[in-house]
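Colleague: Sequence and predicted model, in that order:
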Amino acid sequence: MLKYGQFCPIAKASEVLGEKWTVLIVRELLLGTKRFNDFQRALSLISPTVLAKRLKTLEEHGLVFRKTVTGGRSTEYHLTPAGKELYPVIEELAVWGMRWARKHMEDSELDVELLMWDVQRRINLEALPAGQAVIRFNFPELKRYRDWWVVVDESGTDLCTNDPGKEVDLHVVTDPRTLIEVWMGDTTLTHAKSSGKLRLVGSALYARTMKAWFMLSNTRDMMAAHHIANRKYD
C-alpha cells in the first residue's frame with residue numbers, strides 16, 4: 001500500500017487516492033457507475049483483480065460502500081458522503097487536464113470502449129425524436145470493436161457490440177480520433193461532417209437533431225462552469 005510517512009493532509013489523501021486506477025474509479029463512481037462489469041467497460045485496461053482490490057481499499061477508507069441488489073444476486077458500489085465530497089477535486093483535476101495535459105492524443109490513448117461508454121450515458125433522451133433510437137457507430141479502420149449500437153427505448157439506454165437485430169435509425173461512420181475530438185470539444189460536429197471525416201447515413205431527422213441528443217463530454221460542462229465561476233472574480 002502506498003505510504004508517504006508524513007502527517008501532511010495532502011500526503012494522507014494521496015495515500016488513499018494515489019494508487020494507479022483509483023482516481024479513475026472515483027471518476028466513474030461520480031458519473032454513476034455502480035456495477036463491477038460496468039467499471040471494467042469504462043476502464044478497459046484494468047484487470048479484475050486490481051479493480052476488486054482498489055474498490056476494497058476505497059471501502060476500507062470509508063469512501064465507498066457495497067449494496068446488494070436484485071435479490072442478492074449482484075452488488076453495487078456507491079459513494080459515501082466522504083466519497084461524494086471528492087467531486088470538486090475531480091472536477092478541478094478534469095479542468096486542469098483539459099487545459100494543460102491534452103496537447104496531443106497518442107493513438108494508444110484513443111480508447112473506443114471508454115468513448116462509447118461515455119456516449120451511451122450522455123445521450124439526451126429528451127432530444128431524441130420519439131424518445132427512442134437505435135444508433136450504430138461504425139469505425140471502419142478498427143479490427144476490434146468496429147461496430148457499436150446504442151439502443152434507447154422505454155427501459156433505458158443500452159450499449160451493444162453485437163447487432164441487436166433492430167432497425168437502425170442512424171449510422172455514424174467515422175474514425176476514433178475524429179469522434180473523440182468532437183466528443184471532447186476539440187472540433188465541432190459540423191466541421192467533422194464538412195471535412196468528410198464523419199458521415200451520417202439514415203434518418204434525416206435523427207441526423208438533423210444530432211447536436212441536441214449527442215451531448216458532449218461532461219468535462220466540457222465542467223470547463224464552462226469553471227469559466228463562469230472564475231469570471232465572477234475577474
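Modeller: Received it, and whenever you're ready, just let me know what you need. Predicted, not measured: the structure shown is a model, and the values here were computed from it.
Colleague: List the buried residues for the host helix or strand of residue 77?
Modeller: Using DSSP states H and E, residue 77 sits in strand 74-79. By neighbour count with 16 or more other Cβ atoms under 10 Å, strand 74-79 contains the buried residues 77, 79. The way it works is simple: take the backbone N, C-alpha and C, and place the C-beta from them, glycine included.
Colleague: what about that strand, distance to the chain center?
Modeller: When distances are taken as Cα atoms, centre = their mean, to the nearest Å, strand 74-79 is centred 18 Å away from the chain's centroid.
Colleague: The residue most central in space within the chain: what's it in contact with?
Modeller: Closest residue to the average C-alpha location of the chain: residue 118 at 3.2 Å, with Cα atoms, centre = their mean. Neighbour list for residue 118: 42, 183, 217 [criterion: Cβ atoms under 8 Å, 6 or more residues apart in numbering].
Colleague: Using PDB, write out every CA atom in the helix or strand containing it.
Modeller: Residue 118 is part of helix 112-122 when elements are defined by DSSP H and E. C-alpha atoms of helix 112-122 as PDB (Å, rounded to 0.1, in the frame of the first residue of the first chain):
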ATOM      1  CA  VAL A 112     -13.100   3.500 -28.100                       C
ATOM      2  CA  GLU A 113     -14.600   1.500 -25.200                       C
ATOM      3  CA  LEU A 114     -14.400   4.500 -22.900                       C
ATOM      4  CA  LEU A 115     -15.700   6.800 -25.600                       C
ATOM      5  CA  MET A 116     -18.700   4.600 -26.400                       C
ATOM      6  CA  TRP A 117     -19.500   4.000 -22.700                       C
ATOM      7  CA  ASP A 118     -19.400   7.800 -22.200                       C
ATOM      8  CA  VAL A 119     -21.600   8.400 -25.200                       C
ATOM      9  CA  GLN A 120     -24.400   6.000 -24.200                       C
ATOM     10  CA  ARG A 121     -24.600   7.500 -20.700                       C
ATOM     11  CA  ARG A 122     -24.700  11.100 -22.100                       C
END
